[in-house]
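# Model the structure of this input:
(chains A, B and C)
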Amino acid sequence: MKAAGKGKQHPLLAFHSALLILFIYVPVLMIVIYSFNDSRINSNWSGFTLKWYGSLFDNRQVMEALGNSLTIAVISTVVSTVFGTMAALALRRMASRKKKGVIGLLYLPIIVPDIIMGLSLLVLFSQFQVPLGKLTVIIAHITFSISYVYVIVSSRLANMGKQLEEAASDLGASPWQTFRFVTLPSIWPGVLAGAIMAFTLSIDDFMISFFVAGPNSTTLPIYIYGLVKRGISPEINALCTLMIIVSVALIVLAQWLLNRGNGNERSSMLPF
Amino acid sequence: MNKKKWFAVVLAGMLALTALAGCSSKQETLNLYSWADNFDMDMIKQFESENNVKVNYAIFANNEELLAKLKAGGANYDLIQPSDYMVASMIKQDLLEPLDLNQIPNFQYAADRFKNPEFDPGNKYSITYTWGVTGIAYNKKYVKETPASWSDLWKEEYKGKVLLLDDNREIIGMALKKAGKSNSSQAEADIHAAADDLRKLVPSVLAFDTDNIKQKMIAEEGWIGTVWSGDAAVIAAENPDVAYVVPEEGGTIWSDNYAIPKGTKNKELAQKFINFMLDPENSAKNYESIGYSNPIVKAKEFHSKEYLDNPMINLSEDELKRTEWLIDVGKHLQLYDRLWTELKSGR
Amino acid sequence: MKRSFGIIAPVVLWLTVFLVVPMVAVIAVSFMQRDELGNVVYSFTLDNYARFFDPLYLGIYWDTLWLSVLTTAICLLLSYPLAYYISNASPNRQKLWLILITVPFWINFLIRTYAWVLLLRTQGVVNNALIDIGLIQEPLQMLYTKGAVLLGMVYTFIPYMVLPIYVALEQMDNRLLDAASDLGATRWKSFWHITLPQTKSGIMTGSVLVFITTAGMFVVTDILGGAKAQMLSNIIQNQFLGARDWPYGSALSVLFVLSSLIIIGLFNRALRSSYEASKEARV
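So this is what the prediction gives:
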């Protein structure tokens, strides 16, 4: 759409970006290195081993926790992205007085301390006898993720004019067509960034999940926080290393497949 | 219209997925709620196959989180493992189910010290799973003189290298012991005096830490600190320069216990599990694997020599004589907490 | 109008059930008392609010605000150029960059933070490297300081800043920039007068996110700060767990939420006025 007209990148800017990426990845490198550490308590380096990668797959608790975390993250990301985007779109058209209240409501999950949200949700669920499990964790995750999606999508909308959409409906497009072919493509980067954020928050949340989780919905963060007392074993590092490799590989693969297929027009419509 | 339909589909899919996830086999299940890695998983597997049941092992990270969760009503667990002082508060708040000791015959093999403990007279609600003592761990490379007293932590030469547990009761209790008082004193003057004493120690403190104090000692970031005996054993296995003493003023003894939360549907099975784990031979296998102190005396014949000779796992009678349990301090907990906040934030 | 209400209704309903109702309960508890066991007693008091205005807690509140301001400022300075760089890459590259930046944050937070411990401790990678090159003789005490806490916070929240700024930059109308350069404006000038004002919404969103979440974070201070500096969130946490004083914890939370809402309101007002100003300037 607007790939043309970009100026050449300033070398200092490229240098800064490279440094920042390095900064982000240095701890990741440490995690990868220490996944080969022989010591169980994972404090000092005590020799190279591959055993943690083998034992990882035998560890029933880690595998269960990983499965739970991924299920919860995927479902809550999808639902909260839809909700958050809906909220941002609707609020753009609302009268300003009502709007203020709703905006306050949408910011609330970001502001409320995690422990308050976790505990108060737990009290709510137990009052209404909702059995604790994956469903309650998903509900909690959707609740806090909606806000982050809303905030990012609405910052996208803040600078967007309504002319295009008005033109589309003047030309006889149905509201759905206008949304699908005009609004959605122009807010898509915001929706995508919101979804990435929702997924990241869900996969990493401990406090809220802890309180609303039941006997068979232990997530990866709950398991890892629990391990702290005994010392987090390099098995977890091995798991993190594999997670990084798999996600980067999937992304690169998707990117490659899309590039091979239809041109740029198509790929800019899809997440990766 | 279309969007609504889409939304309905997503919602339906979501519900179906969670229903699927919640639909497990009809096997009887024991919902165990404990610390991470607190059991040898092979022992749990053995229990599962012997009794044709499934053990669901969920995890909490500290006693306070466990209590908050039980109090708020998340009590669909069959077996929990609170520490000593937490057992006492849970009893007071009527959160525990009385145990039927007749169903747990292997309890007879436990050491006398853990029968009829102060925090739960007559073992009505709890049975000790593992235990330890808070003492001083120090690195012989940097600490030349063997520490004998808590006051050694205050020495000028260790400035910036002292580690303290991040726990108001443990540390204020330590300062109280140093002054010759009970570690659970409820005399406000004594508590204030202990805090004033600690205020002089704070500038020497490298970090307050309960969970990662092991790593800090192993990596020689800290030279000397208040450490639990079981953790000291882990540290010494990784860094042979680290030694351990229980100071002459005495230290705090603690235990993690089995208890059954009120309202469980599986009391029988939970008691069966406790009994299985207390069996001398089973318990030896279990503790060899996790490396904690075994309260079962009769298990000695099944333990390795290495395990029995470890002075940090099996403390001497002499050291144990100097120990004291922490007991609930009631409304004074607020004072402990406030003084602790002041100390940690340096105000 | 009607239609937009129909779209927002499910969201409002969801948040009301799962957030507002529980929060009303929290507000109620904040006016109650506790007994010796830490149970909530249903009798009215204002004590919990009065207790906050104690130099001890006010001081901790001030420290929290100050750390949040610093974290936000540093995150902004570091992230803006990166977001700018990404938004100028080709569309396919852009997505790759975004993912590249966020993937490390799918690693568990504790594990990431412990990795910093391995890097910064006295026998850690950084100290060993510095000694090897001969820059220092004795290892530096980098961990368990305020600097380490700040570093951990900045590290944790970089994506919170990059994502919204990128979203705003990506949307920039480049014709304006082309026009400016045709008119002979320098790169710096057109950045200052065109790019920056047009991305204010992204800057504000990122700043609010970083500011609020920093103030609510407590684990970084424990792990990298050696639990020596206390944040308001540590205190709140402790009221519910260690001190078993739910009413006081609730009161602190209510105050925290209120002050955060005020700060967001101020941010939004600043955003609106600057947005209007920039619109006028363009006309």
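
# Keeping just the C-alphas, turn stretch B:178-185 into PDB.
Output of stretch B:178-185 as PDB, limited to C-alpha atoms (Å, rounded to 0.1, in the frame of the first residue of the first chain):
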ATOM      1  CA  LYS B 178      20.000 -13.400  69.700                       C
ATOM      2  CA  ALA B 179      18.800 -11.300  72.600                       C
ATOM      3  CA  GLY B 180      17.800 -14.400  74.500                       C
ATOM      4  CA  LYS B 181      14.100 -14.000  73.900                       C
ATOM      5  CA  SER B 182      11.500 -16.400  72.300                       C
ATOM      6  CA  ASN B 183      11.400 -16.200  68.500                       C
ATOM      7  CA  SER B 184       7.600 -15.600  68.800                       C
ATOM      8  CA  SER B 185       7.700 -12.900  71.400                       C
END
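
# Please point out which parts of it sit buried.
Buried residues in stretch B:178-185, defined by neighbour count with 16 or more other C-beta atoms under 10 Å in any protein chain shown: B:178, B:181, B:183-185. Every residue, glycine included, has its C-beta placed from N, CA and C.

# ok, now stretch A:177-190?
A:178-179, A:182-183, A:186-190.

# how about these, which pair is most distant?
A:Thr178 and A:Pro189 (18.8 Å; C-beta to C-beta).

# Relative to C:Leu118, how far out is A:Ser43?
9 Å (C-beta to C-beta, to the nearest Å).

# Looking at the two now, which is surrounded by more residues?
Looking at A:Ser43 and C:Leu118 with other C-beta atoms under 10 Å in any protein chain shown, you find the greater number of neighbours at A:Ser43, namely 26 against 22.

# Counting neighbours, what do you get for A:Ala88?
Close neighbours of A:Ala88, defined as other C-beta under 10 Å, add up to 27.

# For the residue nearest to B:Asp94 when sequence neighbours are not counted, which residues are in contact?
Distances taken as C-beta to C-beta, 6 or more residues apart in numbering or on different chains put B:Lys262 closest to B:Asp94, at 6.8 Å, once the chain neighbours are dropped. B:Lys262 sits next to B:75, B:94-97 when contact means C-beta atoms under 8 Å, 6 or more residues apart in numbering or on different chains.

# same deal with C:Ser250?
Here C:Ser250 is in contact with A:116, C:26-27, C:29-30, C:48 (criterion: C-beta under 8 Å, 6+ apart).

# repeat that with 6 Å
C:26, C:29-30 (C-beta atoms under 6 Å, 6 or more residues apart in numbering or on different chains).

# From those residues, list the ones also adjacent to chain A.
C:Val26 (C-beta under 6 Å from any C-beta of the partner chain).

# Same list (the contacts of C:Ser250) but as JSON lines, adding distance to A:Val246 and secondary structure.
Formatted as JSON lines, these follow (distance: C-beta to C-beta, whole Å; DSSP: H, G, I helix; E, B strand; the rest coil):
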{"residue": "C:Val26", "distance to A:Val246": "40", "secondary structure": "helix"}
{"residue": "C:Val29", "distance to A:Val246": "44", "secondary structure": "helix"}
{"residue": "C:Ser30", "distance to A:Val246": "45", "secondary structure": "helix"}
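
# Closest one to A:Met30 out of the contacts of B:Lys262, please.
The closest of these, once distances to A:Met30 are taken by C-beta to C-beta, is B:Ala75, at 40.1 Å.

# what does the stretch 1-150 of chain A put close to chain C?
A:3, A:5-6, A:9, A:13, A:16-17, A:20, A:24, A:27-28, A:30-31, A:83, A:86-87, A:90, A:93-94, A:105, A:107-108, A:110-113, A:115-116, A:120-121, A:124, A:143.

# Just the residues you listed: which are in helices?
Among the residues of the stretch 1-150 of chain A next to chain C, the members falling in helices (DSSP state H) are A:13, A:16-17, A:20, A:24, A:27-28, A:30-31, A:83, A:86-87, A:90, A:93, A:105, A:107-108, A:110-111, A:115-116, A:120-121, A:124, A:143.

# ok, so what distance separates A:Ser174 from chain B?
Between A:Ser174 and chain B the computed distance is 9 Å (C-beta to the nearest C-beta, to the nearest Å).

# How confident was the prediction at that residue?
A:Ser174 is assigned 87 on the pLDDT scale.

# what's the nearest residue to B:Glu249 once chain neighbours are set aside in contact with, if anything?
Ranked by C-beta to C-beta, 6+ apart and with sequence neighbours excluded, the top spatial neighbour of B:Glu249 is B:Lys177, at 4.8 Å. By C-beta under 6 Å, 6+ apart, the contact list for B:Lys177 reads B:183, B:249-250.

# Out of those, the closest to chain C would be?
B:Asn183 (16.6 Å; C-beta to the nearest C-beta).

# How about that closest one: what's its closest non-neighbour residue?
B:Gly173 (3.4 Å).

# circling back: regarding the residue nearest to B:Asp94, what are the backbone dihedral angles?
phi -60, psi 140 (degrees, to the nearest 10).

# go on, the one 4 residues further on?
When read as degrees, to the nearest 10, the backbone of B:Asn266 gives phi -120, psi 40.

# mind checking pLDDT for it?
92.

# Need the three-state assignment for B:Lys54.
strand (DSSP: H, G, I helix; E, B strand; the rest coil).

# Show the contacting residues for it.
B:27, B:29.

# one step back: could you pick out which of the buried residues of stretch A:177-190 are near chain C?
Near chain C, by the rule C-beta under 6 Å from any C-beta, you find A:189-190 out of the buried residues of stretch A:177-190.

# for the buried residues of stretch A:177-190, which one is nearest chain B?
A:Phe179 (7.6 Å).

# in chain C, which helix has the most residues?
Chain C, longest helix under DSSP H: helix C:246-282.

# That helix: which residues count as buried?
Neighbour counts over helix C:246-282 (16+ other C-beta under 10 Å) mark C:246-257, C:259-260, C:263-264, C:267, C:271, C:275, C:278 as buried.

# Now do the SS call for the residue of chain C found nearest chain B.
Going by C-beta to the nearest C-beta, chain B is nearest to C:Gly226 of chain C, at 2.8 Å. Of the three states, C:Gly226 takes coil under three-state DSSP.

# For the residue nearest to B:Asn183, grab the count of nearby residues.
Neighbours around B:Gly173, by other C-beta under 10 Å: 26.

# all helices of the chain, in order?
Since no chain was named, I'll use chain A. A:11-34, A:51-58, A:60-93, A:96-111, A:114-127, A:134-158, A:163-170, A:175-178, A:184-204, A:207-212, A:220-227, A:234-260, A:264-267.

# that's the wrong chain, I meant chain B
B:2-22, B:41-51, B:63-72, B:84-92, B:168-178, B:188-201, B:213-218, B:229-238, B:267-278, B:280-290, B:305-309, B:317-321, B:333-344.

# what's the most buried one of those helices?
Highest mean neighbour count of the helices of chain B: helix B:213-218, a mean of 26 (counted as mean count of other C-beta atoms under 10 Å in any protein chain shown).

# Stretch A:186-195 vs chain B: in contact?
No - using C-beta under 6 Å from any C-beta, we find that stretch A:186-195 stays clear of chain B, coming within 13.6 Å at best.

# Extract the C-alpha trace of that stretch and format it as CSV.
Listed in CSV are the C-alpha atoms of stretch A:186-195, where the atom choice follows Å, rounded to 0.1, in the frame of the first residue of the first chain:
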residue,chain,number,x,y,z
SER,A,186,-6.4,0.0,7.7
ILE,A,187,-6.5,-0.9,11.4
TRP,A,188,-4.9,-4.4,10.8
PRO,A,189,-1.4,-3.5,12.1
GLY,A,190,-3.0,-2.3,15.3
VAL,A,191,-5.1,-5.5,15.6
LEU,A,192,-2.1,-7.6,15.0
ALA,A,193,0.0,-5.8,17.5
GLY,A,194,-2.8,-6.1,20.0
ALA,A,195,-3.1,-9.8,19.5
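
# Fine by me, thanks again.
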